[in-house]
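Trainee: with the sequence up front, the predicted model follows.
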Amino acid sequence: MLDQALGILKDVFGYDAFRGNQAAIIERVAAGGDALVLMPTGGGKSLCFQVPALMREGLAVVVSPLIALMDDQVATLAELGVAAVALNSTQGPDEQREIAERVRRGEIKMLYLAPERLVQPRMLAFLQRLPIALFAIDEAHCVSQWGHDFRPEYLQLGQLAETFPEVPRIALTATADMRTREEIVQRLHLQNAERFLSSFDRPNIFYRIVPKEQPRKQLLAFLGVRKGDAGIVYCMSRKKVDDVAAFLSEQGFPALPYHAGLPNDVRALHQKRFLNEEGLIMVATIAFGMGIDKPNVRFVAHLDLPKSLEAYYQETGRAGRDGLPADAWMAYGLQDVIFLKQMLSNSEGDERHKRIEQHKLDAMLALCEEIRCRRQTLLAYFDEVLPQPCGHCDNCVDGVQTWDATEAARQALSAIYRSGQRYGVGHLVDILLGRDNEKIRAPGHQHLSVFGVGKGHSEAEWRSLFRQLVSRGLADVDLEGFGGLRLSESCRPLLRGEVRLELRRELVSKVSKPAASAASQLVRSDEKVQWEALRALRRKLAEEHSVPPYVIFPDATLLEMLRSQPSSLSEMARVSGVGARKLERYGEAFLAVLNGESAAVEAPRVVSDLRHELVSLARAGMTPAQIAGQLSCSEKNVYSLLAEAIGRQQLSLDQALDLPEELFGEIQDAFLDGEGELPPVASIAGQFAGRVPDGVLHCVRAALQAELEA
Ligand code: ADP
Ligand code: ZN
């Protein structure tokens, strides 16, 4: 039986081996048994029912909660040469009748349905007269009333057990928690199902959480090295979504907003564009969620804190379904904490419910301030033990420094107490640093004993300290008032000197120092041209077939073509993801691109892309040396491109260079010394030899020139 399954895997899907539990699950279902499959996003759930569907006689019925999900799978199967259709409410009566007719004649192998349609008596009667291979219930957690994806229609699916006792049923979900699992078994009558539980680790995702300083600048730095990648940026509010999307577009990053306040058709259009186009950024509230099956989402960035680890795991999990490197990045600050606590205290619901929510938020905050491996902490929350630190998160890679913050924390708490427990962090920091200003003088705070005791630490350090005090519950935020800080019960042992406090030290990084990303190294710079050519061909074919590009071939398959350089159809057939049908349809065209006969495809826009990327990297605060490293070109080239961009007024001199004021004055004087025209760089270069690279002079000259012409 396994041989048959492997044959289908290779011939139809073009893959060589099963992953994880796939083989065991397929064996179970193909033999007629029930199964409950718990597997993380990207784990490969679809094959678990698609392969047995092809092994067994009759029609496979797949239940799915969203039309978008169904369409995606049907398109993917159609490309593989499998007869699959979806029946849904967007089709007219004639079309529906025709589909039913084809099903009756046995021409269809897989039928995708919404649950409410499946349980209609007429539909059930119709199916009872047909041979049925299996029922697959996708996104089975929708049956759980506790989850946020609850669909009442799912509750009725329990009756399948009685109506079709002979037909195997397989339920699948990426939701990990125990309670949901038990509910699925109960409500779907899956007591006899074998359970297949996979690890919920997403090894290809790199996790990074940074303190929020200048969030937009930080976001730009993060995105700067990911030009051309598709990703999601999550924000808390609709307004912020609109603002950030507009901001990114201005900065040259193609971005679209998505939130529940947009008209339905706009939302649908944006979602469709996100799926069909490459390199789009979706800026969204959490309304953008289930149904996003796009496999090559390369990053998920959070500009605001999710309210639980469940939400964080699910949202970040939308990155890297295809198994290729992906990034989860988040900036978080004290304001996030205050905001979420405020929401919580204003929310409806009983005390017990609020306590649970508070508990969840605390777990989220603990992950942010975590000093050990992020992945170990995250998985531990879902009761999974990762024995070793992962080596693939910020804490593992950068290392975390801690410091003994006991004394500083006591000073901070004392500042809160002595100023009357009603001031916000800005004011408290002013007190500690001994800043003499109007706001301090008015209440006479310059006379407090703590005034100026904290000069040994910087403002940033104090802010970080206050944030960590609140995150750890050692200080509270006054939620009724204006967000002033108060002491909490739990800070007493610390004040009495009974415990010590060890806190993480923020890396004193220049905001803009971009984290090297695993994802941006997907293709090396020498592979870029061919990679773009392959992607361009895929885009063209996708447009011709009206499907998203990844339905033609996933990125992993293109990447393998790039690396293995097949030179014949038989070599092409060995590439993972190239099944018989796709080989026949597309093999020649992709071979032609690999052989350099890519005339059919538009030339990649390498040079203009480079310029564009350079401008955004500079705006994000990278130094010329860093940019040179990023773009794999010489520093000299970077300087001349910077000078060009300054001349075109795409960059200010400040954005391009971090030049000390005095030095700038000196260079400026040298240029403006004579009359009339600015002298060429060569004529003053001698004067600055050994002090600054000539490139700097070029940049200053370009700036002066632009000013003179303005
Ligand atoms: P899930 O539904 O669990 O999120 P999918 O079924 O969409 O995951 O699979 C994720 C990706 O992994 C898809 O691109 C799929 O083609 C690929 N995939 C699944 N199983 C295998 C396998 N055995 N070998 C290679 N690729 C696989
Ligand atoms: Zn780690």
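Mentor: Done, it's in. For clarity, every value in this text was computed on a predicted model and none was experimentally measured. Ligands and ions are numbered 1, 2, ... in the order given.
Trainee: so Ser471 sits against Cys368, correct?
Mentor: Yes - assessed by Cβ atoms under 8 Å, Ser471 is found in contact with Cys368 at 6.7 Å. C-beta here means a position set from N, CA and C on the backbone, and glycine is covered the same way.
Trainee: show me which residues of the chain sit near ligand 1.
Mentor: 15, 18-19, 22, 39, 41-47, 295, 321-323, 554, 576 (Cβ under 6 Å from any ligand atom).
Trainee: narrow these to those that are buried.
Mentor: 15, 18, 22, 39, 41-47, 295, 321-323, 554, 576 (16 or more other Cβ atoms under 10 Å).
Trainee: of the residues you listed, which belong to helices?
Mentor: 22, 45-47 (DSSP state H).
Trainee: would you check which pair of the residues you listed lies furthest apart?
Mentor: Longest distance between any two of these is 10.1 Å, between Gln22 and Ser46; criterion Cβ to Cβ.
Trainee: so what's the residue count around the nearest residue in space to Pro254 that is not next to it in sequence?
Mentor: Spatial nearest neighbour of Pro254, chain neighbours left out: Leu280 (5.3 Å); criterion: Cβ to Cβ, 6 or more residues apart in numbering. By other Cβ atoms under 10 Å, the residues close to Leu280 number 19.
Trainee: ok, now Phe688?
Mentor: Using other Cβ under 10 Å, Phe688 has 17 neighbouring residues.
Trainee: ok, it - contacts?
Mentor: 667, 670, 696-697 (Cβ atoms under 8 Å, 6 or more residues apart in numbering).
Trainee: list the contacts of Asn637.
Mentor: Asn637 neighbours (Cβ under 8 Å, 6+ apart): Ala628.
Trainee: work out for me the element it sits within.
Mentor: helix 635-647 (DSSP states H and E).
Trainee: ok, and the helix or strand in this protein with the lowest average confidence?
Mentor: The weakest-scoring helix or strand in the chain, judged by mean pLDDT, DSSP states H and E, is helix 606-619 (a mean of 71).
Trainee: what about this protein, any weak spots by pLDDT?
Mentor: Along the chain, the parts satisfying pLDDT under 70 run over 176, 290-291, 481, 507-521, 598-609.
Trainee: so what are the domain limits for it?
Mentor: As assigned by automatic domain parsing, the chain contains the domains 2-197, 205-398, 406-500, 522-602, 625-709.
Trainee: now render those as JSON lines, adding distance to Leu614.
Mentor: Shown next, in JSON lines, are these (distance: least, Cβ to Cβ, whole Å):
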{"stretch": "domain 2-197", "distance to Leu614": "33"}
{"stretch": "domain 205-398", "distance to Leu614": "10"}
{"stretch": "domain 406-500", "distance to Leu614": "29"}
{"stretch": "domain 522-602", "distance to Leu614": "14"}
{"stretch": "domain 625-709", "distance to Leu614": "5"}
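Trainee: re earlier: right, and the helix or strand after the helix holding Asn637?
Mentor: Next along from helix 635-647, by DSSP H and E: helix 653-656.
Trainee: counting contacts, what elements does that next one pack onto?
Mentor: helix 606-619, helix 635-647, helix 694-709 (3 or more Cβ pairs under 8 Å, 6 or more residues apart in numbering; DSSP states H and E).
Trainee: now do the buried residues in that helix.
Mentor: For helix 653-656, by 16+ other Cβ under 10 Å, it's 653, 655-656.
Trainee: again with stretch 405-419
Mentor: Buried residues in stretch 405-419 (16+ other Cβ under 10 Å): 405, 408-416, 419.
Trainee: now do stretch 239-253
Mentor: Using 16+ other Cβ under 10 Å as the test for burial, stretch 239-253 gives 240-242, 244-245, 248, 251-253.
Trainee: closest residue of the stretch 151-300 of the chain to ligand 1?
Mentor: Pro295 (4.8 Å; Cβ to the nearest ligand atom).
Trainee: hmm, that residue is touching Arg321, no?
Mentor: Yes - Pro295 lies in contact with Arg321 (Cβ under 8 Å); the separation is 4.3 Å.
Trainee: great, nothing more from me.
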